[in-house]
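Colleague: show me the folded form of this:
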Amino acid sequence: MIGYARHEVERKAIAILRILSESREPLGARVIAQQLRGYGVDLRERAVRYHLKIMDERGLTELVGRDGRLITDSGVEELKSALVGDKVGFVISKVELLAFQTTFDWEKRSGQVPANVSLFPKEQFKKARGAMGDAFKAGICVSDLVALADEGERLAGVTVPEGKTGFATVCSIIINGALLKAGIPMDSKFGGLLQIRDHKPLRFVELIEYAGSSLDPSEVFINSRMTSVGEVVGKGEGKVLANFRQIPALCWPVAEDTISGLREAGIGGLLVAGDTSQSVCEIPVELNKIGMILLGGLNPVAAAVEAGIEVENRAMSGLIDYQGLVGFWQL
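Modeller: Purely as a prediction, here's the structure:
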């Protein structure tokens, strides 16, 4: 029991450190308490202050002004190494949480949609925009609706650092969220690299299972320079970011209508939907289920990285208002 209590304290402290690590400005206990709910941690403002005091004493945070806190270098190191066991399965938990928090109504064209945030050096963004354009034009994305933010501004839960341009893309979890709102459960299996041959999806060549991972698959593949989105655009051959999902076969008519509605609102992402219980791109599908392959929202950003442009990605970073999105070609 004592061990469990200590584990819970550590878990809450790590959640607080994670929130502080994503902010360039000092945060007070009230703001931290509000943001903790997004991590499934319910702490009152007074309890947050208690944890912050302990972390101050451990050198993980530092007091700035009357109530604000910043994470220290020691805090960053602690965040990287602490609670490895808790990090396993973090990705699937994030997928499920963002799907639940999605409020987008495709009929009303309003609500919150899940987004990825990419941070580009300001001086390289013009070049990045050119590199991403072909991928958006070819439809190797979830949507060509995007958002921009300057340094110091907030974008889908991320504060854009000094010298950076924030760029938000719609995340494929929008389909999870929309289907969930329609009463359809979606089983998110893994993210991977999908081989394209002659402009058609062939098979997955790399897989990372969400339930067993502490890292987002898209970030891993982009950072490892394993994509070839540019070649897919130019030659119809290469590897793109994609995700594998399953839904009950009986739900397909409703799912098809929902996906069609999303498409009308400028949001796509569905690349392939198989037949009942039939394999999709060589991936087995469970009995009475339909397998679906969704394109990764960060594919255009991967094309920019392939062009030699530096970028820091925050996949599944948070939610953004649909009304705040603009067409990529309007940038």
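
Colleague: and residue 144, how many neighbours?
Modeller: The number of residues packed near residue 144 is 23, by other C-beta atoms under 10 Å. Just so you know, the C-beta spots here come from the backbone N, C-alpha and C atoms, and that holds for glycine as well.

Colleague: so it touches residue 328, yeah?
Modeller: Yes: Residue 144 lies in contact with residue 328 (C-beta atoms under 8 Å); the separation is 4.5 Å.

Colleague: overlap in contacts of those two?
Modeller: Overlap between the contact sets of residue 144 and residue 328, as judged by C-beta atoms under 8 Å, 6 or more residues apart in numbering, is given by residue 136.

Colleague: where does this protein dip in pLDDT?
Modeller: For the chain, the stretches flagged by pLDDT under 70 are 1-8, 82-90.

Colleague: now the strands for it?
Modeller: Taking DSSP state E to define them, one finds strands in the chain at 61-64, 68-71, 112-121, 145-149, 154-155, 158-159, 164-170, 187-197, 200-209, 238-248, 270-273, 289-295, 312-321, 326-327.

Colleague: parallel or antiparallel, list what pairs with the third one.
Modeller: Here strand 112-121 has these sheet partners by DSSP bridges: strand 164-170 (antiparallel), strand 312-321 (antiparallel).

Colleague: which one, of those strands, ends up nearest to residue 205?
Modeller: Closest to residue 205 of the strands paired with strand 112-121 is strand 312-321 (C-beta to C-beta; 19.7 Å).

Colleague: and the contacts of that closest one?
Modeller: Residues outside strand 312-321 that contact it (C-beta under 8 Å, 6+ apart) are 22, 38, 91, 94-95, 98, 101-102, 111-119, 147, 155-158, 164, 168, 171, 173, 216, 218-219, 222-223, 297-298, 301.

Colleague: in it, what's buried?
Modeller: For strand 312-321, burial by neighbour count (16 or more other C-beta atoms under 10 Å) applies to 313-320.

Colleague: how about stretch 33-47?
Modeller: Neighbour counts over stretch 33-47 (16+ other C-beta under 10 Å) mark 33, 35-36, 38-39, 41, 43 as buried.

Colleague: ok, residue 76 - contacts?
Modeller: residue 21.

Colleague: mind checking how far it is from residue 322?
Modeller: Separation of residue 76 from residue 322 (C-beta to C-beta, to the nearest Å) stands at 33 Å.

Colleague: what's the answer for residue 58, then?
Modeller: 41 Å.

Colleague: looking at these two, which has the bigger crowd around it?
Modeller: Neighbours were tallied for residue 58 and for residue 322 using other C-beta under 10 Å; the higher tally belongs to residue 322 (22 against 13).

Colleague: can you pull the contacts of that one?
Modeller: Applying C-beta under 8 Å, 6+ apart to residue 322 gives the contacts 104, 109-113, 145, 265.

Colleague: and residue 166, by the same measure?
Modeller: Residue 166 neighbours (C-beta under 8 Å, 6+ apart): 117-119, 148-150, 153, 155, 158, 160.

Colleague: same question for residue 208.
Modeller: The contact partners of residue 208, by C-beta under 8 Å, 6+ apart, come to 190-192, 215, 217, 220.

Colleague: what is the neighbour count of the closest residue to it other than its chain neighbours?
Modeller: On the basis of C-beta to C-beta, 6 or more residues apart in numbering, the spatially nearest residue to residue 208 that is not a chain neighbour turns out to be residue 217, at 4.0 Å. The number of residues packed near residue 217 is 23, by other C-beta under 10 Å.

Colleague: can you check residue 139 too?
Modeller: 15.

Colleague: from residue 33, how far out is it?
Modeller: Residue 139 is 42 Å from residue 33, by C-beta to C-beta.

Colleague: circling back: quick check, the residue nearest to residue 208 in contact with residue 94.
Modeller: No: contact between residue 217 and residue 94 fails when scored by C-beta under 8 Å: they sit 11.9 Å apart.

Colleague: residue 229: which of the buried residues of stretch 33-47 is nearest?
Modeller: residue 38 (30.2 Å).

Colleague: how about the strands paired with strand 112-121 in TSV, adding distance to residue 278?
Modeller: TSV is the format used below for these (distance: least, C-beta to C-beta, whole Å):
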stretch	distance to residue 278
strand 164-170	28
strand 312-321	29
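
Colleague: with adjacent residues omitted, what lies nearest to residue 145?
Modeller: Using C-beta to C-beta, 6+ apart and skipping the chain neighbours, the partner closest in space to residue 145 is residue 325 (4.0 Å).

Colleague: wait, that neighbour sits on residue 167?
Modeller: No: if you go by C-beta under 8 Å, residue 325 and residue 167 don't touch, sitting 11.8 Å apart.

Colleague: quick revisit: ok, which pair from the buried residues of stretch 33-47 is furthest apart?
Modeller: Spanning the widest gap among the buried residues of stretch 33-47 are 38 and 43, at 12.3 Å by C-beta to C-beta.
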